[in-house]
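Asks: need a structure here:
(2 chains)
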Number of protein chains: 2
Amino acid sequence: MRNKGENSSCELPESNGKTKHNKNRHYRFEENFRWKGVRVQEYKSEGHNWHGIARQTLIGAGGESTKFHLRYFEIEPDGYSSFEKHKHEHVVIGVRGRGRAKINRRNIDLNFMDVLYIKPNEPHRLYNPFNEPFGFMCIVNAKRDRPEQILIGTKGQRHIGTK
Amino acid sequence: MRNKGENSSCELPESNGKTKHNKNRHYRFEENFRWKGVRVQEYKSEGHNWHGIARQTLIGAGGESTKFHLRYFEIEPDGYSSFEKHKHEHVVIGVRGRGRAKINRRNIDLNFMDVLYIKPNEPHRLYNPFNEPFGFMCIVNAKRDRPEQILIGTKGQRHIGTK
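Replies: Model (predicted):
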C-alpha cells in the first residue's frame, strides 16, 4: 500500500501539485463527454500494454478529502487498458457506448449504466471491440497499491479488437 | 465518526447482516433504472423532512471492502431529500432526468452526467422540481458520520417543489 498522494508509476498524478482545499464543485457536463474545468489526460504515463484510452479525473485532483477518486475513462474503437492486477478494487459504471471487461478469463459486456465490481487481485482489462467510443466511470480508493502488469501470449490477446 | 458497518439512524443498513466476501459482481442495468439483483429501498428509515425518494445500494451491501459506497437515488417529481449536514463528503452524478441541489443557500441545476462535489459540513438537499424522475449516483466514504438534520422555516422551504 502506498501513501495517499503518491501514485503508481503507471498512473498520472491525481493532483496538480498545488495545495488545494475542499470547496464545493460543480463539473458541468459538456459535449462529447467532457466536463467544464476538467482536462483530458493520457491514461498512463508509461507502458505499452494499452492503447487508445484517455482519462479525466473528476474527483481526486481538486483537494477533495474523499477516501475515493472518481475518474472517467474513454476507450476508442480497438483500444484497451492494461491487463493488470492489484489489491485495490475497481467499481466501473458504463456511461458512453458499450465495451467489454476481461476479468481473469471471463469477458463481460458492459452497456449503459451496468455496474461492475472487480475484486482485489483479479487480473482485468477494459477494452472496446465496437465501433463507437466506450466511456466509463471508474471509482477507486484514494490510497491504493501499484498495479502489476500481466504479460499474456498471443493466444490470450486474441480477444482484443475482436469485433 | 462511527465504525464501518454501523449506520446512522437515518440510513438503512448497507449490509443485509449476512457475512459476505469479495467476489466479482456485474449488476446489469434493466428497464426503469433498476439493476438486476439490487433491491429498491426506502431512502431513510425515519424522519419526516424528506419525500418521494428511494435508494438502491449498488456497492457497499455485497461484502465489498472498498472505502466507499455507491448508491443510486431517485426522486419523484416534487420530492426532496433531507436538508442536512455532516462531515463526510458527497459526490453526485446526474444520470436520469434532471434535478436540483440546494447547497447552503445556493441552488444548482443538475443534468445528465453533471458531477457535484459537496464539501464537509455543508448544508445540502437534493430535490426534483421537474415533471420526470430525477436519478443520481451518490458516492460516499464507507466510514461516515451521522447526518445532522437542519430545520428551516417556511420561507426557506419555498424552493421545494417550485416548478
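
Asks: Now do the lengthiest strand in chain A, average pLDDT.
Replies: The longest strand of chain A (DSSP state E) is strand A:68-80. For strand A:68-80, mean pLDDT rounds to 98.

Asks: how big is the angle separating it from strand B:68-80?
Replies: Orientation check (axes from the mean of the first three to the mean of the last three Cα atoms, to 10 degrees): strand A:68-80 against strand B:68-80 gives 110 degrees.

Asks: So which elements touch strand A:68-80?
Replies: In terms of contacts (3 or more Cβ pairs under 8 Å, 6 or more residues apart in numbering or on different chains; DSSP states H and E), strand A:68-80 is packed against strand A:51-59, strand A:124-127, strand A:134-141, strand B:90-96, strand B:134-141. Where C-beta positions appear, they are placed from N, C-alpha and C, glycine not excepted.

Asks: can you list these in a markdown table and add distance to B:Lys102, mean pLDDT and mean neighbour count?
Replies: Listed next are those as a markdown table, based on distance: least, Cβ to Cβ, whole Å; pLDDT from 0 to 100; neighbours: other Cβ atoms under 10 Å in any protein chain shown:
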| stretch | distance to B:Lys102 | mean pLDDT | mean neighbour count |
| --- | --- | --- | --- |
| strand A:51-59 | 21 | 97 | 20 |
| strand A:124-127 | 36 | 98 | 24 |
| strand A:134-141 | 25 | 98 | 23 |
| strand B:90-96 | 12 | 98 | 22 |
| strand B:134-141 | 13 | 98 | 23 |
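
Asks: Tabulate those strands (JSON lines), appending distance to B:Tyr27.
Replies: As requested, the helices and strands packed on strand A:68-80 are arranged in JSON lines below (distance: least, Cβ to Cβ, whole Å):
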{"stretch": "strand A:51-59", "distance to B:Tyr27": "21"}
{"stretch": "strand A:124-127", "distance to B:Tyr27": "16"}
{"stretch": "strand A:134-141", "distance to B:Tyr27": "14"}
{"stretch": "strand B:90-96", "distance to B:Tyr27": "14"}
{"stretch": "strand B:134-141", "distance to B:Tyr27": "12"}
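
Asks: before we move on, the earlier item: tilt between the longest strand of chain A and strand A:90-96?
Replies: 60 degrees.

Asks: mind listing what's buried in strand A:68-80?
Replies: Buried residues in strand A:68-80, counted by 16 or more other Cβ atoms under 10 Å in any protein chain shown: A:68-75, A:77-80.

Asks: which of those residues lies closest to chain B?
Replies: Lowest distance from chain B to these (Cβ to the nearest Cβ) belongs to A:Phe68, with 3.9 Å.

Asks: how about that closest one, what does it touch?
Replies: A:59-60, A:139-142, B:66-68, B:91, B:139, B:141 (Cβ atoms under 8 Å, 6 or more residues apart in numbering or on different chains).

Asks: Kindly report the same for A:Gly97.
Replies: A:128, A:130, A:132-135.

Asks: and of these, the nearest to chain B?
Replies: A:Gly135 (9.6 Å).

Asks: ok, the residue lying closest to that closest one once chain neighbours are set aside to A:Phe130 distance?
Replies: Counting by Cβ to Cβ, 6 or more residues apart in numbering or on different chains, A:Gly135 lies nearest to A:Arg96, which is 3.1 Å off, once chain neighbours are set aside. Per Cβ to Cβ, to the nearest Å, A:Arg96 is found 11 Å from A:Phe130.
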